[in-house]
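**Q** Sequence and computational prediction follow.
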Amino acid sequence: QVQLVESGGGLVQAGGSLRLSCAASGNIFSINNMDWYRQAPGKQRELVASITRGGSTNYADSVKGRFTISRDNAKNTVYLQMNSLKPEDTAVYYCYAYIRPAGLGFAWNDYWGRGTQVTVSS
């Protein structure tokens, strides 16, 4: 069974930094893109950053220049370095990965973590 587990959230003052991690575990054959999403209270979930297996990245305009996504393919782990945090970055951050489980043929599935809370105080 494949699962994603996030860590690294917490409370930080505006201007501070946090680093989120998300580790995929279980019977994994391959992982394609790995993404970070966030959902603030009363708002829809939005894509924050995405990274392909080859390392190509994409960012939401609101975080460009402040957040950096990276991954360690050997560890099946994706990171999100968040600098210059703002109160509007407060949200639950979710990890997403497009994974081909081992032993299930050529099927690829969507997997989500349970989320980690990031709170930025002004």
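**A** All right, it came through fine.
**Q** Give me the outermost residue of this protein relative to its centroid.
**A** In the chain, counting by CA atoms, centre = their mean, residue 105 sits farthest out from the average C-alpha position, at 26.4 Å.
**Q** does that one belong to a helix or a strand, and which?
**A** With secondary structure defined by DSSP states H and E, residue 105 is part of neither a helix nor a strand.
**Q** which residues in this protein form strands?
**A** With DSSP state E as the criterion, the chain has strands at 3-7, 10-13, 18-25, 28-39, 46-51, 57-59, 67-72, 77-82, 91-101, 109-112, 116-121.
**Q** Next, format those strands as TSV and append mean pLDDT and mean neighbour count.
**A** Yep, even glycine has a C-beta here, placed from its N, CA and C like the rest. Formatted as TSV, the entries for the strands of the chain read as follows, by pLDDT from 0 to 100; neighbours: other CB atoms under 10 Å:
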stretch	mean pLDDT	mean neighbour count
strand 3-7	96	17
strand 10-13	98	13
strand 18-25	98	19
strand 28-39	97	19
strand 46-51	98	18
strand 57-59	98	15
strand 67-72	98	18
strand 77-82	98	22
strand 91-101	97	20
strand 109-112	97	13
strand 116-121	98	17
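**Q** any idea which residue sits dead centre in this structure?
**A** Central residue check for the chain by CA atoms, centre = their mean: the C-alpha nearest the mean position is that of residue 36, 2.8 Å away.
**Q** I'm done for today, thanks for sticking with me.
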